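K.L.:
build me a model from this:
(one chain, ligands or ions: 2)
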Amino acid sequence: MGRVGFIVALGCAVVSCAIATVFVGRRVRSRRRWGRAVEVLREFEEGCSPSVGRLRQVVDAMAVEMNAGLASDGGSKLKMLLTFIDRLPDGTEAGTYYALDLGGTNFRLLRVQLGGIQSLILSHEVKSQPIPQHLMTGKAEDLFDFIATALKAFVDEVDEEFEDKTDVRMQLGFTFSFHVRQTSVSSGILIRWTNGFSVEDAVGKDVTQLLERAMRRSGLNMRVAALVNDTVGLLALGHYHDGDTVAAVVIGTGTNACYIERTEAIIKSQGLLTNSGFMVVNIEWGNFWSAHLPRTAYDTALDEDSPNPNDQGFEKMISGMYLGEIVRRVLYRIAQESDIFENSAHCLAVPFILRTPLMAAMHEDDSPDLREVGRILQENLDMPEVPLKGKKVVVRVCDIVTRRAAKLVAAGIVGILKKMGRDGSDGIGNSRSVISMEGGLFASYKLFREYLNEGVVEILGEEAAQYLVLRGFEDGSGLGAALLAACFPIL
Ligand SMILES: Nc1ncnc2c1ncn2[C@@H]1O[C@H](COP(=O)(O)OP(=O)(O)O)[C@@H](O)[C@H]1O
Ligand SMILES: O=P(O)(O)OC[C@H]1O[C@@H](O)[C@H](O)[C@@H](O)[C@@H]1O
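P.N.:
Residues are numbered from 1 along each chain as shown. Ligands and ions are numbered 1, 2, ... in the order given. You can find the predicted model right below:
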């Protein structure tokens, strides 16, 4: 080989080495960045996965906080609100009642015809519609006029004879899924909004008055016989069908629970007497807080960025408004510290872009190549062609978040049972306890329900868990509100 040949060969060798160095460097950097992704994921999982022991500490904390909230106003972050519901439907209610169920995302209109014997519901019509976004942050009159107008249209549609009943004021059960300090079974003052609502001129006002004025403006001859939280309506329906029903839990846009409490245990309301000896208490458990909660830096940041920082801490780890956002925050951190999403993760910087229904659909994708995950990432997050290992990381994060949420609900439920002396821990024979369950997240998210059932067995043990029944309902809070209108008619 001549001089020229040698130089060419040397040059090729040098170029090859340079190219190899670049590739090896890239692979080393890629492996290092993948390792960083794995590290972020491991760290998150460690922070989110409570042991059974930790969950039992949450159980105890829930029972303690419930007692503290009953002892004095402000005694706990749990408001433990009186509902004035001191009797529950027993299956003998009869007649036609309307219900209006205003929740965090939708509002539902119901007409219910009750048979009067053996919990017979002759018929019930339901109409559900989303609440226009601008009304969630506008003026009280606009929101309540919108609701009353929709109710009037619904009544005209389903009850053609209604117009002839000018002398009879129809009884309405009004389910209002926000913090209300009840002043009677049919009236209450709005304490604060949650879940994206901020109709500020309604805070501090009696929501029944706001609705009844709007109904008059719309020419609707109707009165609010019962103003109830959605959990209270749900409990009423559960009890209508099964007398062992002792509590109700809603997991929708927000989350909350209520239960049946002995009046002598409601210490902050000395002298509170009811014929039945009990009253339903609205726990407002979304505001529960305990140092034992498995909270991470992502939860803290989400809370700080929220319109109600330091409030609803339990809800922000559990409910439909937030689960997708927690997942987004974790994926965004992984995208910043690794290249597993290549360079297509700019959308992950947008708060609340990942709604919980989408997160659930990715979590429940059981295709070998995670094609549903790929479709959602591409169509909703503008993240095309995420490699399979990146999609697996997405599913893993969803699983960690949802498993934690479900286990915390399980701990909350057992905490309520413990407060009621029904968790079997006092050695006395177990009594059957039914918990009514409802809400878009609970109803639609299969893996959430699976993890919730797992969590209850983990915490209670197989033996005691067999005495606990979680019974799902649909439209439970609205139907229950109609039943309570029948229980507490305006005479
Ligand atoms: N398929 C789903 N998987 C998980 N969560 C869901 C699903 N569908 C709806 N959700 C959650 O349920 C919430 C709606 O709950 P729902 O009880 O129907 O209404 P509201 O909260 O207004 O009472 C939505 O905000 C969403 O977060
Ligand atoms: O049914 P939703 O809209 O998801 O609401 C559930 C709970 O959401 C909480 O934020 C409210 O404070 C509760 O009053 C309510 O019961």
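
K.L.:
what's opposite the closest residue to Ser319 other than its chain neighbours in the beta bridge?
P.N.:
Excluding the flanking residues, the one nearest Ser319 by CB to CB, 6 or more residues apart in numbering is Thr255, at 4.2 Å. The C-beta positions use only the backbone N, C-alpha and C, and glycine is treated the same way. Beta-bridge pairing for Thr255 (DSSP bridges): Ile251.

K.L.:
for Thr255, what are its contacts?
P.N.:
Counting by CB atoms under 8 Å, 6 or more residues apart in numbering, Thr255 makes contact with Val249, Trp285, Gly286, Phe314, Glu315, Ile318, Ser319, Val409, Gly439.

K.L.:
before we move on, what about Ser177?
P.N.:
Asp101, Leu102, Gly103, Gly104, Asn229, Asp230, Val250, Gly252, Gly254, Asn256, Ser477.

K.L.:
mind checking pLDDT for it?
P.N.:
Per-residue pLDDT puts Ser177 at 89.

K.L.:
if I look at it, how far off is Asp311?
P.N.:
Distance, Ser177 to Asp311, by CB to CB, to the nearest Å: 16 Å.

K.L.:
now do Ser128
P.N.:
Distance of Ser128 to Asp311, given as CB to CB: 28 Å.

K.L.:
between these two, who's got more neighbours?
P.N.:
When Ser128 and Asp311 are compared on other CB atoms under 10 Å, the one with more neighbours turns out to be Asp311, at 17 against 14.

K.L.:
how about the residue lying closest to the more buried one once chain neighbours are set aside, what does it touch?
P.N.:
Closest residue to Asp311 apart from its sequence neighbours, by CB to CB, 6+ apart: Asn287 at 6.1 Å. Shown in contact with Asn287 (CB under 8 Å, 6+ apart): Lys77, Leu78, Lys79, Asp311, Gln312, Gly313, Phe314, Glu315.

K.L.:
ranking the residues you listed by neighbours, who comes first?
P.N.:
Gln312 (29 neighbours).

K.L.:
okay, now the unreliable bits of the stretch 1-150 of the chain?
P.N.:
Low-confidence segments of the stretch 1-150 of the chain, defined by pLDDT under 70: 1, 22-26, 28-32.

K.L.:
for ligand 1, what is the nearest residue in it?
P.N.:
Per CB to the nearest ligand atom, Gly103 is where the stretch 1-150 of the chain lies closest to ligand 1, at 2.5 Å.

K.L.:
these two touch, right, that residue and Asn256?
P.N.:
No: the criterion here is CB atoms under 8 Å, and Gly103 misses it with Asn256 at 10.6 Å.

K.L.:
shared neighbours of the two, anything?
P.N.:
Common contacts of Gly103 and Asn256 (CB under 8 Å, 6+ apart): Ser177, Asp230.

K.L.:
and these two? which has more neighbours close in?
P.N.:
Asn256 (29 against 23).

K.L.:
contacts only, for the residue of the stretch 1-150 of the chain closest to ligand 1.
P.N.:
Here Gly103 is in contact with Thr175, Ser177, Asp230, Gly252, Thr253, Ser477 (CB under 8 Å, 6+ apart).

K.L.:
can we see that at 6 Å?
P.N.:
Counting by CB atoms under 6 Å, 6 or more residues apart in numbering, Gly103 makes contact with Ser177.

K.L.:
gap between it and Lys127?
P.N.:
Distance from Gly103 to Lys127, by CB to CB: 14 Å.

K.L.:
ok and the residue in the stretch 201-350 of the chain nearest ligand 2?
P.N.:
Counting by CB to the nearest ligand atom, the stretch 201-350 of the chain gets nearest ligand 2 through Gly254, at 2.3 Å.

K.L.:
nearest residue to Ser425 other than its sequence neighbours?
P.N.:
Lys418 (6.5 Å).

K.L.:
cool, Glu284 as well?
P.N.:
That would be Lys79: by CB to CB, 6+ apart, it lies 4.4 Å from Glu284.

K.L.:
what of Arg262?
P.N.:
Nearest in space to Arg262, with sequence neighbours left out and distances taken as CB to CB, 6+ apart, is Phe278 at 5.7 Å.

K.L.:
what's the local residue count around that neighbour?
P.N.:
Each residue near Phe278 was counted by other CB under 10 Å, and the total is 19.

K.L.:
now do the same contact list for the residue of the stretch 201-350 of the chain closest to ligand 2.
P.N.:
Residues counted as contacts of Gly254 (CB under 6 Å, 6+ apart) are Gly104, Thr194, Asn195, Gly286, Glu315, Ser319.

K.L.:
read off the pLDDT value for the residue nearest to Asp311.
P.N.:
Looking at Asn287, its pLDDT is 97.

K.L.:
how close does it get to Leu408?
P.N.:
Here Asn287 is placed at a distance of 14 Å from Leu408 (CB to CB).

K.L.:
and if you look at Ile131?
P.N.:
Distance, Ile131 to Leu408, using CB to CB: 27 Å.

K.L.:
which of those two has more neighbours?
P.N.:
Leu408 (23 against 19).

K.L.:
could you chop this structure up by domain?
P.N.:
If you go by automatic domain parsing, the domain ranges for the chain are 51-80+242-474, 84-228.

K.L.:
adding distance to Ala18, write those domains out as JSON lines.
P.N.:
Converted to JSON lines, these look like this (distance: least, CB to CB, whole Å):
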{"stretch": "domain 51-80+242-474", "distance to Ala18": "22"}
{"stretch": "domain 84-228", "distance to Ala18": "56"}
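
K.L.:
now for the longest helix along the chain, which elements pack on it?
P.N.:
For the chain, the helix with the greatest residue count under DSSP state H is helix 3-48. Judged by 3 or more CB pairs under 6 Å, 6 or more residues apart in numbering; DSSP states H and E, helix 3-48 is in contact with helix 323-337, helix 388-419.

K.L.:
quick one: it to chain centroid distance?
P.N.:
Centre-to-centre, helix 3-48 and its host chain are 46 Å apart (CA atoms, centre = their mean, to the nearest Å).

K.L.:
tell me the angle it makes with helix 323-337.
P.N.:
Interaxial angle of helix 3-48 relative to helix 323-337 (axes from the mean of the first three to the mean of the last three CA atoms, to 10 degrees): 150 degrees.

K.L.:
give the buried residues for stretch 446-463.
P.N.:
For stretch 446-463, burial by neighbour count (16 or more other CB atoms under 10 Å) applies to Phe448, Arg449, Tyr451, Leu452, Gly455, Val456, Glu458, Ile459, Leu460.

K.L.:
got the contact list for His292?
P.N.:
By CB under 6 Å, 6+ apart, His292 lies in contact with Arg54, Gln57, Val58, Ala61.

K.L.:
among those, which one has the most neighbours?
P.N.:
Neighbour max across the contacts of His292 (other CB under 10 Å) = Val58, 25 neighbours.

K.L.:
OK, now which residue of the stretch 351-491 of the chain is nearest to ligand 1?
P.N.:
When scored by CB to the nearest ligand atom, the stretch 351-491 of the chain has Gly440 as its residue closest to ligand 1, at 2.4 Å.
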